[in-house]
Every structure is written in structure tokens, then in C-alpha cells.
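Asker: got a predicted structure plus its sequence, pasted below:
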Amino acid sequence: MSAPRAAGPPAPHPSAALRARLLGFAEELARSGQEAPSRTLRATVEAWWGQEQAWLEGVVNVLRIHHDINNALVGVRGNAQLLLMAPVAEQPNVRDRLEVILRESARIKDAATRINELKASITGQGPSARAA
């Protein structure tokens, strides 16, 4: 797991530099008297940028699933741990099966943490403290 990012301004969108270059080119076209191609390029770039931002927002919303996964795991892990302390854990194979539940739920928790880290890298924000 990577170290948490320091709080600060969000990282620029990876396509922001391309957008800036294309808008700069549109400005050059306008300065050279080519207003129609400049307007067309600017409108095309801004339409693309709006679609890019909407797509990114959708991805971030989907990646918020890590929170739901972690909430469900609290119940699964907590109940498995309680059963391990109960007399039922003395029955043949029950302890082994409960330990499998705990081990596999830890793997799911690690995967949810990676999802949260991906969401944080996309948004340019550090992972939330409650996501662990």
C-alpha cells in the first residue's frame, strides 16, 4: 500500500495539459485571423472536456463502493470472530471454516482499500481516514 498523499490541491486531470494546448492552438488560429476554425476547435475541445469530466465523475461515483464493501465486512468479520469465541468453534471443522472467512474477508478488505486508493488518485485527494 502506498503512503497517503499529503493534503493539498488536487492533482491536475491528466488531460488538462492536452486541453490547454488545444485551446492555445485555437487562440493562435484566432490571432491569425482564422476565427471560424478557432471557434470550431474551441467548441469541440470544450464539448470533449465536458464529456471527459462527466465520465470521470461517474467513475469516481462507482469507486465509492469501497465504503459499502467495508461496512458489510464489519458485520461478517465481527460475527465470525464472535463465533470463534463461542462453544460452536469447538466442533470439528467449524474453527477452520471461520478462520477461512476471516482470512478471505481480509483479502476483500485489502481490495476495497485499493479501490479507495484508485478513487483518491483520480480525484487528487488522499484516501479518507474512515476508509481503512
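Answerer: The structure has been received and is ready for your questions. Residues are numbered from 1 along each chain as shown.
Asker: name the SS class of Glu57, please.
Answerer: helix (DSSP: H, G, I helix; E, B strand; the rest coil).
Asker: if I look at it, how far off is Glu90?
Answerer: 52 Å (Cβ to Cβ, to the nearest Å). From N, CA and C alone the C-beta is placed, and that goes for glycine too.
Asker: could you look up the SS state of the residue located most distally from the centre of the chain?
Answerer: Outermost residue of the chain with respect to the C-alpha centroid, by Cα atoms, centre = their mean, is Gly33; its distance is 43.9 Å. Three-state assignment for Gly33 (three-state DSSP): coil.
Asker: low-confidence ranges in this protein?
Answerer: Residues of the chain that meet the criterion pLDDT under 70 lie in 1-11, 126-132.
Asker: show me the contacts for the residue nearest the centre of the chain.
Answerer: Residue closest to the mean C-alpha point of the chain, counted by Cα atoms, centre = their mean, is Lys119 at 1.5 Å. Counting by Cβ atoms under 8 Å, 6 or more residues apart in numbering, Lys119 touches 60, 63-64, 66, 127.
Asker: adding distance to Arg97, secondary structure and neighbour count, write those residues out as a markdown table.
Answerer: Below are the contacts of Lys119 laid out as a markdown table (distance: Cβ to Cβ, whole Å; DSSP: H, G, I helix; E, B strand; the rest coil; neighbours: other Cβ atoms under 10 Å):
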| residue | distance to Arg97 | secondary structure | neighbour count |
| --- | --- | --- | --- |
| Val60 | 37 | helix | 15 |
| Leu63 | 32 | helix | 18 |
| Arg64 | 32 | coil | 12 |
| His66 | 26 | helix | 21 |
| Pro127 | 32 | coil | 19 |
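Asker: Glu57 and Glu90: which has the busier surroundings?
Answerer: Glu57 (12 against 8; other Cβ atoms under 10 Å).
Asker: now that one: how far from Asn79?
Answerer: Distance of Glu57 to Asn79, given as Cβ to Cβ: 36 Å.
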